[in-house]
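# missing the sequence, but the structure's below:
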Ligand code: AHR
């Protein structure tokens, strides 16, 4: 619930922003005179739980589904007032969003951090303002872990291990256990937990296979366009790639385009073995076609678990410091068509 103090802080912040806006107009700034969206629309009711969400961006299909799940979960009907800020893949935007939430005196801050480091100062500001912060999806690396209440998301390192174990089993089943296997990796945003976890989880398994040869790691920044360029570069540089690891599905889409354009084959009959992460619908259709051999799920629907956490905090109950969502994997041997029938994404 909004406390009396927070509620007044919220109103003062609104008045302050409004005055600033007027001052801006008076000084002939480029403002078009329109209020920022959330100020121009409704205000929270007295009993609303006000949540400021700082999202990474909209770089992937996974992210879009993740955002939709927040909108579907934290609804007005259920007594939530959501302030959503898109960081557009920039940490500085996310820090600004957090400071805005603090100024507004929200009840909770939900932060999906683009990278792990660089959060200590702003999280301390939130703590000093008495606002609980829930870290979601990726993780933060801070000196003092009491700066946030808990982290809700995926076990991203386990996802990387699962990919490594799957590859080992597959190569064994194809009689390629001792063959030299050349691998390239399209990594996610450098310094993000999704990149660090998947890279290091896979590397852990790779250590057990001296015949696996990592030719190169390059970042595709979790986007299709960048991955297409990086895959083109890989194909120009190396003529014997056995395995491509894509640290998310959108990068797999870009890499597949480049591989096909180069006239190369994908899949089990002598083609490049592609592994991916996320398991969004369009990627699962490629698993069904055998172009992606296996896809390791990253569950984007974490909002219900965050809601459960907030409700516990509202009741004054303790919450687990790290909470993982359930995840699985899908490969070319499975009946993907049937699985997709009751899959939301
Ligand atoms: O942090 C989750 C990752 O971020 C997803 O794998 C990816 O698609 C997204 O951009």
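Perfect, thanks for sending it. The model shown is predicted, which means the values in this text are computed figures rather than measured ones.
# could you use CA atoms for every contact and neighbour count after this?
Will do.
# any idea how far stretch 65-82 is from the chain center?
With Cα atoms, centre = their mean, to the nearest Å as the basis, the distance from the averaged C-alpha position of stretch 65-82 to the chain average is 17 Å.
# indicate whether that stretch makes contact with the ligand.
No: under the criterion of Cα under 6 Å from any ligand atom, the ligand is not reached by stretch 65-82; the shortest gap measures 9.1 Å.
# so what pLDDT did the spatially most central residue of the chain get?
Here the mean C-alpha position of the chain is nearest to the C-alpha of residue 137 (Cα atoms, centre = their mean), at a distance of 5.3 Å. We have a pLDDT of 98 for residue 137.
# bridging residues for the closest residue to it other than its chain neighbours?
When the adjacent residues along the chain are set aside, residue 137 lies closest to residue 153, with 4.2 Å between them (Cα to Cα, 6 or more residues apart in numbering). Each beta-bridge partner of residue 153 is listed here: residue 137, residue 324, as defined by DSSP bridges.
# isn't residue 153 right up against residue 302?
Yes: because the distance of 6.4 Å satisfies Cα atoms under 8 Å, residue 153 is recorded as touching residue 302.
# identify the contacts common to the two.
Overlap between the neighbourhoods of residue 153 and residue 302 consists of 136, 137, 325, taking contacts as Cα atoms under 8 Å, 6 or more residues apart in numbering.
# which of these come close to the ligand?
The subset of the shared contacts of residue 153 and residue 302 within reach of the ligand, by Cα under 6 Å from any ligand atom, is residue 137.
# which of the shared contacts of residue 153 and residue 302 sits closest to the ligand?
Distances from the ligand to the shared contacts of residue 153 and residue 302, taken as Cα to the nearest ligand atom, are shortest for residue 137 (5.5 Å).
# so the closest one touches residue 154, yeah?
Yes: using Cα under 8 Å, residue 137 is in contact with residue 154, at 6.2 Å.
# can you list the residues of the stretch 101-250 of the chain near the ligand?
Residues of the stretch 101-250 of the chain lying near the ligand by Cα under 6 Å from any ligand atom: 137, 138, 194, 222, 248.
# how about those residues in TSV, adding distance to residue 330?
Output for those, formatted as TSV (distance: Cα to Cα, whole Å):
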residue	distance to residue 330
137	21
138	22
194	19
222	20
248	14
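# top of these by neighbour count?
Compared across those, residue 248 has the highest neighbour count, 34 neighbours, by other Cα atoms under 10 Å.
# let's see the pLDDT reported for it.
98.
# so residue 257 touches residue 228, yeah?
Yes: the pair residue 257 and residue 228 passes the contact test of Cα under 8 Å, sitting 6.8 Å apart.
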